[in-house]
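Asker: One predicted model, sequence on top.
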Amino acid sequence: MFGWLRSRRRRSIQDRPWPPVWEDILRRNLRQMQWLAADERERLRAWVAVFIAEKRFEGCRGMTIDDEVRVSIAGQAGLIVLGMPDEFFDRLQSVLVYPGDYLVSRSTPLEGGGELQWQEPRLGETWNGGSMVLSWPRVVEGGRLRDGPRSVVIHECAHVIDLLDGEIDGVPPLASATARREWMRGMADCRERFAEALDEGRFVAFDDYAAEGPGEFFAVASECFFQDPHRLHRYDRDLYALMAEAWLQDPKARVPVQRAR
Ligand SMILES: [Zn+2]
């Protein structure tokens, strides 16, 4: 679609009255809403309206899709792009929602022929940025800040942003080629410190799944950056600064140090 046509359509979506029931859902399922400034809340509402109008939500394994599901997912997704006003995840077309963690069939070829098959539980995933799969109970836990520094929505959306420049390599779009080089160097140091801390059994701020590779490190660190920014800042100031540069936000300025559990 032409850019101007899309912008015009988005403006008309944003001009529609904001349903009071959506506000109730955000209040219930997006704890972070209470810490946003008035203009940020306004921007978040406008973003949520566009996201819901443009993406196809599909219920899997008997999951019913209603406003609660749509608004709760869109709210967390919109929170992380508050610093990127024109970012609407254009490549993302559908959001698939399961009523719980789901199983994926996996197989590995065996030496000497045949293959080993097993079922791997998942709570979310992203396929080439075109669709996202989420476990509904995990969406709710993340939105209500009941899963520590974790959020499956933020995790998968971080992969979508990471993918914007071609592949999931842990490097989101940055201001310039120089900024990108510096940022990558900084992140490599952070990953090294993280791996060392894990080896030595020292405190790390987020899940060791981050050690799977640069893409997962970026996604898991992004979860912590938004969900518990003070924890990330205490753990590694440099990593916090790199996240702030990538997301164009400073969540620790708004989230209280002792956020209610
Ligand atoms: Zn991931």
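Answerer: Nice, I can see it.

Asker: and the nearest residue in space to A197 that is not next to it in sequence, what does it touch?
Answerer: Among residues not flanking A197 along the chain, V204 sits closest, at 5.0 Å (CB to CB, 6 or more residues apart in numbering). (Each C-beta comes from the backbone N, C-alpha and C, glycine too.) Neighbour list for V204: 194, 197-198, 235 [criterion: CB atoms under 8 Å, 6 or more residues apart in numbering].

Asker: now A37
Answerer: By CB under 8 Å, 6+ apart, the contact set of A37 is R254.

Asker: and what of Q227?
Answerer: Contacts of Q227 (CB under 8 Å, 6+ apart): 142, 145, 147-151, 154.

Asker: do you know how far it is from M243?
Answerer: As for Q227, its distance to M243 is 12 Å (criterion: CB to CB, to the nearest Å).

Asker: Any of the contacts of V204 buried? List them.
Answerer: Buried members of the contacts of V204, counted by 16 or more other CB atoms under 10 Å: 194, 197, 235.

Asker: Just the ones in helices from those residues, please.
Answerer: 194, 197, 235 (DSSP state H).

Asker: Name the nearest of those residues relative to the ion.
Answerer: Closest to the ion out of these is F194 (15.5 Å), distances taken as CB to the ion.

Asker: could you say what helices and strands the helix or strand containing T126 packs with?
Answerer: Under the criterion DSSP states H and E, the helix or strand holding T126 is strand 124-127. Helices and strands touching strand 124-127, by 3 or more CB pairs under 8 Å, 6 or more residues apart in numbering; DSSP states H and E, are strand 131-135, helix 152-163.

Asker: helices or strands up against the last one?
Answerer: With contacts taken as 3+ CB pairs under 8 Å, 6+ apart, helix 152-163 sits against helix 67-80, strand 124-127, strand 131-135, helix 136-143, helix 214-227.

Asker: as a whole number, average confidence for that helix?
Answerer: Averaging pLDDT along helix 152-163 gives 96.

Asker: now swap in the shortest one and tell me
Answerer: Here the mean pLDDT over strand 131-135 is 94, rounded to a whole number.

Asker: Dump that strand to CSV, keeping only the CA atoms.
Answerer: C-alpha atoms of strand 131-135 as CSV (Å, rounded to 0.1, in the frame of the first residue of the first chain):
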residue,chain,number,x,y,z
SER,A,131,3.3,-14.2,12.3
MET,A,132,3.7,-14.5,16.0
VAL,A,133,2.5,-17.3,18.3
LEU,A,134,1.7,-16.6,21.9
SER,A,135,0.4,-18.5,24.9
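
Asker: Please enumerate the helices of the stretch 1-150 of the chain.
Answerer: Using DSSP state H, counting those that start in this stretch, the helices of the stretch 1-150 of the chain run over residues 3-15, 20-29, 38-54, 67-80, 136-143.

Asker: which residues are in contact with the third one?
Answerer: For helix 38-54, the external contacting residues (CB under 8 Å, 6+ apart) are 10, 13-14, 16, 18, 22-23, 26, 33, 36, 70-71, 74-75, 77-79, 81-82, 85, 88-89.
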